[in-house]
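>>> I would like the atomic coordinates for the input below:
(chains A and B)
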Amino acid sequence: MADPTKADEPQDAMPNVSDVEVAEVHSEEEAVAALDANVERGEPILQVRNLVKHFPLTQGIVIKRQIGAVKAVDGVSFDLHQGETLGIVGESGCGKSTVAKLLMSLETATAGEVFYKGQDITRLSGRALKAVRRNIQMIFQDPYTSLNPRMTVGDIIGEPFDIHPEVAPKGDRRRKVMDLLDVVGLNPEYINRYPHQFSGGQRQRIGIARGLALNPEIIICDEPVSALDVSVQAQVINLMARLQDEFNLSYIFIAHDLSIVRHISDRVGVMYLGKMAEVGTDEQIYEYPTHPYTQALLSAVPVPDPEAREHRDRIILTGDVPSPANPPSGCRFRTRCWKAQDKCAQEEPLLAIPERFKGSDTPAAHESACHFAEVKDVVHAA
Amino acid sequence: MTIIDPTDAVPAQRPGDHENTGPLLEVRDLHVEFQTREGVVKAVNGVNYTVDSGETLAVLGESGSGKSVTAQAIMGILDMPPARIPQGEIRFYGQDMLTMGAEERRKLRGARIAMIFQDALSSLNPVLSVGFQLGEMFRVHQGMSRKQAKAKSIELMDRVKIPAAAARVNDYPHQFSGGMRQRIMIAMALALEPDLIIADEPTTALDVTVQAQVMDLLAELQREYRMGLILITHDLGVVADVADKIAVMYAGRIVETAPVHELYKRPAHPYTRGLLDSIPRLDQKGQELYAIQGLPPNLLKVPQGCAFNPRCDKAQDICRTEFPPLVPVTEADGTELPGRASACHFWKETIHG
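Got it, this is the predicted structure:
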């Protein structure tokens, strides 16, 4: 599967770094220090610009022809600051997990840039990429399948040290792993146990400890609590919030549970069919959503309060998400949108602060990709 | 599969035809246990509840609380062995289904009591078209011909709002989206207009926008056919939206029952209170979330006394030694609160304090 994908990738998408460039990156240690200083001055630690990932659809066995592409991510841009949590929400298939994989360089981007401290990581390879990867780690959704059942907890958490031995010298590893277990609230004596001896919440803690092992700056959390029981979810969320304060981590928190995203995020991005529909602070998105999709998404979330059910103004969308292989022209949401007009089919709305709110300091003035953006308070519509 | 002789399979027995009457479904002191190599797992330990026509009972609980096992016992689809039902009664219109013969139960299953499963993709047969699978209900239970059954299937798919039903009746499950597949599951459960539907996490695998569509559809059809609905879920939001009354389960027992509004306003069990408190609230932004400490118990060795005591912040000595029965909950002045009960030694303090 992987090979034909790669073969059909447009040439400019391949990380095209000559040895000279790699050498340059390494010789410029002062440059790295300068970049760190930039981040401290409040510049984003991660800048994503027009990120695109198309998975080619091919036909034929010997002679493969590309007959189209699944546009999983189609031009996504956002910033992440140090110590900040950016929540990304959206329905399944909207591309949020592909974004996570692109940020981890687990997939090669078709186009676009990801700047980590000003350095474009989509063009990196070899040693330079390895150095960057140390600082961007990931926590996975399913703690049952993301831990190797034949490795002990100590081996799982210590494995990152095999790849980056400079972080922990050989003799020091066991103590480091025990420290990590302690940090995530597990008994350090469990170091020789196997994953099946733990419950779901404990396994997720092991996954978090593995993510922390290399002292990363950015952790990408792909649905970290959705596989856990309700009473355990809160424990893991608290742990993640505490670790963020302790280690000054930046999170990209991908989830579909909107109330948890609101609790943990500083800013929230709403994705629909490979594009960002709306980006803003948690208050701007939840209290003053201007994109119809955000409004529908928020209104569809069941509120855990039976008093609210009679007088909620629910927007029930019809139909399903269109196929990302053949997205609608213009605005991608127009096929399910109640506001759609001819303009929406012809002209693609850009992610920007809507014209009518520009210059004003209302909370509605945040980026929204809609021609007819207007505030509709769906959460409190009583 | 043996085909039931159509002559005696006519499900003409409708409410009122029975000699015994009573609530639509009554579960009394149900126990289910599983023989495993490690020992006997007591998955359900004395569950009681009733459901009436047109009523929605939500069974709320974490994984391993016994909510799905109870439902499977009602449907009669538990694998026995390893499962065993040592005691209890499941009365459907007053008749105990556990003492019925296998053939008799088969006629109830699907026709009078139907179930909607969580994961539609693995519950549907991937090598048979959805029309064939829907039509099976009519062929087996009502002895219809294939042609009639297919016509009925199209009608049903229309009923659950699947666009272009006639064109899609011969499609296979993988050709439908998750929401559409769940509609097919609902259509299949509704096919013979049963009196009771058990929905086991019907929307957990779906996206929120699709979840809203599916729950709306289910509520609409329930109203129309006046069916009883048992909704099994762990989502406090979904429960608040559709339930009439709630039974909260923990470690195989019901720890609290209450009408929906009452439960959210004034929980009478520390576990329920903990669940409600752990929902992120607006005013707690940036603060620590309330979290119930510890882990759900291992059903091989359920704690002595109250099963929740190791995780409860109100636990006293009595909780560790004495088992709390499910007792009716009253107002502080002794006025009865209909439908409310709690299995906590300190329910008074929990609800009034």
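
>>> which residues of chain A fall in strands?
Secondary structure of chain A (DSSP state E): strands located at A:46-59, A:65-80, A:85-89, A:111-116, A:119-120, A:136-139, A:218-222, A:250-254, A:267-272, A:275-281.

>>> CSV please, covering these and showing mean pLDDT, mean neighbour count and distance to residue B:97.
Placement of C-beta: from N, CA and C, glycine included. Output for the strands of chain A, formatted as CSV (pLDDT from 0 to 100; neighbours: other CB atoms under 10 Å in any protein chain shown; distance: least, CB to CB, whole Å):
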stretch, mean pLDDT, mean neighbour count, distance to residue B:97
strand A:46-59, 90, 19, 51
strand A:65-80, 88, 19, 49
strand A:85-89, 93, 26, 44
strand A:111-116, 91, 20, 60
strand A:119-120, 88, 16, 66
strand A:136-139, 91, 22, 46
strand A:218-222, 92, 24, 44
strand A:250-254, 93, 25, 45
strand A:267-272, 92, 25, 47
strand A:275-281, 92, 24, 50
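
>>> Tell me the spacing between the residue nearest to residue A:208 when sequence neighbours are not counted and residue B:167.
Computed as CB to CB, 6 or more residues apart in numbering or on different chains, the closest residue to residue A:208 that is not its neighbour in sequence is residue A:184, at 5.2 Å. Counting by CB to CB, to the nearest Å, the gap between residue A:184 and residue B:167 amounts to 53 Å.

>>> more crowded one of these two?
Residue environment comparison for residue A:184 versus residue B:167 gives the larger neighbour count to residue A:184, 22 against 9, counting by other CB atoms under 10 Å in any protein chain shown.

>>> which residues sit in contact with the more buried one?
Applying CB atoms under 8 Å, 6 or more residues apart in numbering or on different chains, we find residue A:184 in contact with A:205, A:206, A:208, A:209, A:212, A:239, A:243.

>>> Residue B:199 versus that one, what's the distance?
If you go by CB to CB, the gap between residue A:184 and residue B:199 works out to 36 Å.

>>> where does the stretch 201-350 of chain A come near chain B, residue by residue?
Taking CB under 8 Å from any CB of the partner chain as the measure of proximity, the stretch 201-350 of chain A contacts chain B at A:201-202, A:229-235, A:237-238, A:241-242, A:256, A:258-260, A:262-263, A:282, A:296-297, A:300-309, A:314, A:316-320.

>>> Correct me if wrong: residue B:154 contacts residue B:167.
No: counting by CB atoms under 8 Å, residue B:154 does not reach residue B:167; the two are 9.5 Å apart.

>>> what about the residue of the stretch 151-300 of chain B found nearest chain A, neighbour count?
When you check the stretch 151-300 of chain B against chain A by CB to the nearest CB, the closest residue turns out to be residue B:237, at 3.1 Å. When counting by other CB under 10 Å, one arrives at 19 neighbours for residue B:237.

>>> Would you map the strands across the stretch 251-353 of chain B?
For the stretch 251-353 of chain B, applying DSSP state E, counting those that start in this stretch gives strands covering B:253-259, B:327-330, B:336-342.

>>> Can you tell me which of the ones you listed is most buried?
Ranked by mean neighbour count, the strands of the stretch 251-353 of chain B are led by strand B:253-259 with a mean of 25 (mean count of other CB atoms under 10 Å in any protein chain shown).

>>> tell me what it is packed against?
Helices and strands in packing contact with strand B:253-259 are listed as strand B:39-51, strand B:245-250, helix B:270-277, strand B:336-342; criterion 3 or more CB pairs under 8 Å, 6 or more residues apart in numbering or on different chains; DSSP states H and E.

>>> And the helices in the chain?
Using chain A. Ranges of helices in chain A, per DSSP state H, are A:2-7, A:19-27, A:29-40, A:96-103, A:126-135, A:153-163, A:173-183, A:200-212, A:230-247, A:258-264, A:282-287, A:292-300, A:342-346.

>>> looking at chain B here, not the other one
Remark: helices of chain B, listed N- to C-terminal, are B:6-9, B:67-75, B:102-108, B:120-123, B:130-142, B:146-159, B:165-168, B:178-190, B:208-225, B:236-242, B:260-265, B:270-277, B:317-321, B:347-352; assignment by DSSP H.

>>> Pick out the residue of chain A closest to chain B.
Among residues of chain A, the one nearest chain B by CB to the nearest CB turns out to be residue A:302. It sits 3.1 Å away.

>>> I figured that residue hits residue B:233, correct?
No: between residue A:302 and residue B:233 there is no contact, the gap being 10.0 Å when judged by CB under 8 Å.

>>> so what's residue 337 up against?
Using chain A here. Contacts here follow CB under 8 Å, 6+ apart; on that basis residue A:337 touches A:292, A:293, A:331, A:344.

>>> wrong chain, I was asking about chain B
For residue B:337, the contact set (CB under 8 Å, 6+ apart) comprises B:258, B:262, B:328, B:329, B:330, B:331.

>>> Also residue B:187?
Contacts for residue B:187 (CB under 8 Å, 6+ apart) come out as B:134, B:153, B:156, B:157, B:159, B:160, B:162.

>>> what's the closest non-adjacent residue to the third one?
What that stands for is residue B:156. Counting by CB to CB, 6+ apart, the nearest residue to residue B:156 once its immediate chain neighbours are dropped is residue B:187, at 4.4 Å.

>>> The fifth one too?
Of all residues not flanking residue B:159 in the chain, residue B:187 sits nearest, at 6.6 Å (CB to CB, 6+ apart).

>>> Alright, calling it a day.
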